[in-house]
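# give me coordinates for this.
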Amino acid sequence: MQPKTLGEFVIEKQHEFPYSTGELSSLLNAIRLAAKIVNHYVNKAGLVDILGATGEINAHAEEQQKLDMLANKLFIDALINREIVCGIASEEEESFISIAGHNKDNTNKYVILIDPLDGSSNIDVNVSVGSIFSIYRRISPVGTPVTEADFLQPGHKQVAAGYVIYGTSTMLVYTTGHGVNGFTLNPALGVFYLSHPNMKFPEKGKIYSINEGNYVHFPMGIKKYIKYCQEETGDRPCTSRYIGSLVSDFHRNMIKGGVYLYPPTSKHPNGKLRLLYECNPMAFLAEQAGGKASDGNRRILDIEPSELHQRVPFYVGNKEMIDKIEEFISIYD
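So this is what the prediction gives:
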């Protein structure tokens, strides 16, 4: 029997949202369309002029990559053209975008936050990258323009979140709070098929993913945890695997069993990952897959955001491994 398509699966699961009149399904379909177009360009990188930097600096004082900006435009255009969200916030944009509904009265219910191309510095060397999305119901009155407060909601208010990974195959993985499911793109047909139903972190993890080149800048608790992972005793040493793309590292660790770490450093005391665009959606996915996400002291999904581009330390993955990280932080930091 042929597996379900993403479209069939979304329609089948609409009953899980009694308050929805189809917008959420349409929104997921718009993400699916944008992902297919981005995938097309990612697979042409090197053949057309979309590699390297634009020469521009973004809101975070970082050099923008050509493919970052292209992916940003593709996602925003797909979402605006479908007229199914009332607001968009992107990691590549300094502020949010307010969008009127089809009759210009802002009647749409949802806002979306996107990281259009996570790990884009890996594009030049043909390593897996991804896109991340996070969806909330607006809290401002329907019929009025969206406000920043619509985006500054804690992660536990998300109604859906997910990512697309552009690798040896292209996969869309998402949750609506009822488990995590993965869909693989058949490039010949341009259709996503359910390939990884009910994804879960293994009970035991053996992989830790962290940029150990920053070791001297890490807090003592994380240094001690790394040494703990390297000890030859019991079910250790663990294996170190780090791609440098959050989507890719998270995806591998969810399948194989492991943890991803981006701690604070002396250079970046709040870490480098953005709460709204990266940490919240991945935390939602992790918890739905039986894992855990923390800033070292508290649950990621309970953090009250204070600004659109807020950064936080981030630890996500196998629950047992996250518990151990929090234990080391509580002792040494």
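# going forward, measure contacts between C-alpha atoms and count neighbours the same way
Will do.
# let me see the domain layout of the protein.
Taking automatic domain parsing as the criterion, the chain consists of the domains 6-196, 207-332.
# mean pLDDT lowest for which of these?
Taking the mean pLDDT of each of these, the lowest value is held by domain 6-196, a mean of 85.
# that one: end-to-end distance?
Across domain 6-196, the terminal residues are separated by 12 Å (CA to CA, to the nearest Å).
# for the domains of the chain, give me TSV that also has mean neighbour count.
Putting these into TSV (neighbours: other CA atoms under 10 Å) gives the following:
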stretch	mean neighbour count
domain 6-196	19
domain 207-332	20
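# contact partners for the nearest residue to residue 200 once chain neighbours are set aside?
Taking CA to CA, 6 or more residues apart in numbering as the measure, residue 200 lies nearest to residue 289, with 4.3 Å between them; neighbours along the chain are not counted. Residue 289 is in contact with 179, 180, 198, 199, 200, 201, 254, counting by CA atoms under 8 Å, 6 or more residues apart in numbering.
# where along the protein do the helices fall?
Taking DSSP state H as the criterion, the chain contains helices spanning 6-12, 23-42, 66-82, 220-230, 246-256, 280-288, 319-332.
# Serialize these to CSV and add fields for distance to residue 151.
Formatted as CSV, the entries for the helices of the chain read as follows, by distance: least, CA to CA, whole Å:
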stretch, distance to residue 151
helix 6-12, 24
helix 23-42, 17
helix 66-82, 16
helix 220-230, 31
helix 246-256, 22
helix 280-288, 12
helix 319-332, 27
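# could you measure from the residue sitting nearest the centre point of the chain over to residue 118?
With distances taken as CA atoms, centre = their mean, the chain has residue 132 as the residue nearest its mean C-alpha position (3.6 Å). The gap separating residue 132 from residue 118 is 7 Å, by CA to CA.
# and if you look at residue 198?
24 Å.
# which strand residues bridge the residue nearest to the centre of the chain?
Under the criterion DSSP bridges, residue 132 forms beta bridges with residue 115, residue 163.
# that one touches residue 277, doesn't it?
Yes: checked against CA atoms under 8 Å, the pair residue 132 and residue 277 is within contact range at 7.0 Å.
# so residue 149 makes contact with residue 141?
No: between residue 149 and residue 141 no contact is recorded; they are 11.5 Å apart, counting by CA under 8 Å.
# and the gap between the most far-flung residue of the chain relative to its centre and residue 79?
Among residues of the chain, the one most distant from the C-alpha centroid is residue 233; the distance is 33.9 Å, by CA atoms, centre = their mean. Using CA to CA, we find residue 233 at a distance of 51 Å from residue 79.
# quick one: residue 164 and residue 171 touch, right?
Yes: when contacts are counted by CA under 8 Å, residue 164 is listed as touching residue 171 (5.5 Å).
# pull the contacting residues for residue 117.
For residue 117, the set of contacting residues under the criterion of CA under 8 Å, 6+ apart consists of 67, 68, 71, 72, 129, 130, 131, 132.
# look up the closest residue to it, ignoring the ones flanking it.
Closest residue to residue 117 in three dimensions, ignoring its sequence neighbours and counting by CA to CA, 6+ apart: residue 131, at 4.8 Å.
# okay, the one you found and residue 152: tell me how far apart.
Remark: distance between residue 131 and residue 152 (CA to CA) = 20 Å.
# can you check residue 129 too?
The value you get for residue 129 to residue 152, if CA to CA is used, is 26 Å.
# cool, and residue 301?
Shown here: residue 301 relative to residue 152, a distance of 12 Å by CA to CA.
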